[in-house]
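Participant: My questions are about this predicted structure, shown below with the sequence.
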Amino acid sequence: MAIIAIIELPGVTKEQYQVNHTSIHAAPWWPAEGFISHAGAPADGGWLVVDIWESKAALAAFMEKAATIFEANAMPRVEPKIYEAVNVDIG
């Protein structure tokens, strides 16, 4: 079952987000298995990320691989809010 992951990143700037985004896309394992969609946006006092993944397991595998990138770029550790996706339309 597809999931929506909402990640609120307090205190994160657009520049910090962009560095992480670029680093992930440069990783040899990208695109990660089970990845469907991603969007990032400024939010009150930080940054907001909304991802769609094929499953919770796919998101967990990505988070494990991306952990070193997040740590290297001083991203705060936060737990995503997970929701079951009812409809996923691409394009």
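Facilitator: Yep, it's here. Numbers count the residues shown, from 1 in each chain.
Participant: how about the helix ranked longest in the chain: buried residues?
Facilitator: Assignment by DSSP state H gives helix 56-72 as the longest helix of the chain. Buried residues in helix 56-72, counted by 16 or more other C-beta atoms under 10 Å: 56, 58-59, 61-63, 65-66, 69-70. Using the backbone N, CA and C atoms, a C-beta is placed for each residue, glycine as well.
Participant: Widest-spaced pair of those?
Facilitator: Farthest apart among the buried residues of helix 56-72 by C-beta to C-beta are Lys56 and Ile69. That separation is 20.4 Å.
Participant: ok, and what's touching stretch 38-55?
Facilitator: 1-14, 16-17, 21, 34-37, 59, 62, 80, 85, 88 (C-beta atoms under 8 Å, 6 or more residues apart in numbering).
Participant: and it, what's its mean pLDDT?
Facilitator: Here stretch 38-55 scores 97 as its mean pLDDT.
Participant: All good on my end, thank you.
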